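Undergrad: Here you go, sequence then predicted model.
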Number of protein chains: 2
Amino acid sequence: MTFRHVAMFRFTDDATEQQRVALARGIDGMPEATGTIEAARYRHGFDAGVNPASWDYVVVADFASADDYLAYRDHPAHQALIRDLVQPVVADRASVQYEVPG
Amino acid sequence: MTFRHVAMFRFTDDATEQQRVALARGIDGMPEATGTIEAARYRHGFDAGVNPASWDYVVVADFASADDYLAYRDHPAHQALIRDLVQPVVADRASVQYEVPG
């Protein structure tokens, strides 16, 4: 069983390209900074632009357990990311956590 | 490269248990009904309840290509699902499509 965390963001209208790139880089560093998940099981990125109504960014993170997800969620490096790089540029956030086979 | 489609729903307050289960079953039938994706690469489910602010349902679908995703999106069986089982019970919907390695 995998405990999957999915988070989706919509940026504010005035979020700059520099801020978006900084956010993507910061997210990319989370597996190493938190030590809670393998990088290969932590897949994130900007929306591909296929549907106009789509949101802007998504993270899909496959943790070995719910406890590993909670360690990630509450890790100081993740909390700093949210405070410094997510909250300043994100207008809407949606997330779901669920168990998937495998 | 995998073309990943992520969709997230928040139910209306008056969505019944029966409607939620019908939606989950309908979603579960999409790989076979549309013929666009392997069932093992189409993972969906109810939120686990770890975070009070989380949304209610998520679908993560790993298509072999963007074209396969578009065939799924526009397939009559999927359109019927949206009309008959999603729209009556979903207050908010968010989605992102993105390319992931592997």
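TA: In hand now; what should we look at?
Undergrad: Up against chain B, what does chain A have?
TA: For chain A, the residues in contact with chain B (C-beta under 8 Å from any C-beta of the partner chain) are A:3-4, A:6, A:8, A:10, A:40, A:43, A:45-48, A:50-51, A:53-58, A:60, A:66, A:69-70, A:73, A:92, A:94-102. Heads up, the C-betas are built off the backbone N, CA and C, glycines and all.
Undergrad: Show only the entries of those residues found in strands.
TA: Counted as lying in strands by DSSP state E, out of those, are A:3-4, A:6, A:8, A:10, A:43, A:45-46, A:57-58, A:60, A:92, A:94-100.
Undergrad: Mark which of those are buried, thanks.
TA: The neighbour count (16 or more other C-beta atoms under 10 Å in any protein chain shown) marks A:3-4, A:6, A:8, A:10, A:43, A:45-46, A:57-58, A:60, A:94-98 as buried among those.
Undergrad: give the contact list for the residue nearest the centre of chain A.
TA: In chain A, the C-alpha nearest the mean C-alpha coordinate belongs to residue A:59, at 3.8 Å (C-alpha atoms, centre = their mean). Residue A:59 is in contact with A:5-8, A:27, A:42-44, counting by C-beta atoms under 8 Å, 6 or more residues apart in numbering or on different chains.
Undergrad: let's go with 10 Å and repeat that
TA: Contacts for residue A:59 (C-beta atoms under 10 Å, 6 or more residues apart in numbering or on different chains) come out as A:5-9, A:27, A:30, A:42-45, A:95, B:6, B:96.
Undergrad: Check residue A:11 too.
TA: A:19-20, A:23, A:46, A:55-57, A:89-92.
Undergrad: Give me the distance between it and residue B:91.
TA: Distance of residue A:11 to residue B:91, computed by C-beta to C-beta, to the nearest Å: 22 Å.
Undergrad: One more: residue A:69?
TA: Taken as C-beta to C-beta, the span from residue A:69 to residue B:91 is 25 Å.
Undergrad: the more surrounded of these two?
TA: Using other C-beta atoms under 10 Å in any protein chain shown as the criterion, residue A:69 and residue B:91 rank with residue A:69 on top: 22 against 13.
Undergrad: can you list the weak-confidence ranges in chain A?
TA: Applying pLDDT under 70 to chain A flags no residue at all.
Undergrad: quick one on the thing from earlier: list just the nearest of the contacts of residue A:11 to chain B.
TA: Nearest to chain B out of those is residue A:55 (C-beta to the nearest C-beta; 5.0 Å).
Undergrad: what comes up buried for the lengthiest helix in chain A?
TA: Using DSSP state H, we find that the single longest helix of chain A is helix A:17-28. Residues of helix A:17-28 classed as buried: A:19-20, A:23, A:26-27 (neighbour count, 16+ other C-beta under 10 Å).
Undergrad: Including distance to residue B:34, could those go into TSV?
TA: Listed next are the buried residues of helix A:17-28 as TSV, based on distance: C-beta to C-beta, whole Å:
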residue	distance to residue B:34
A:19	38
A:20	33
A:23	34
A:26	36
A:27	31
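Undergrad: sec struct for residue A:36, please.
TA: The three-state label given to residue A:36 by DSSP: H, G, I helix; E, B strand; the rest coil is coil.
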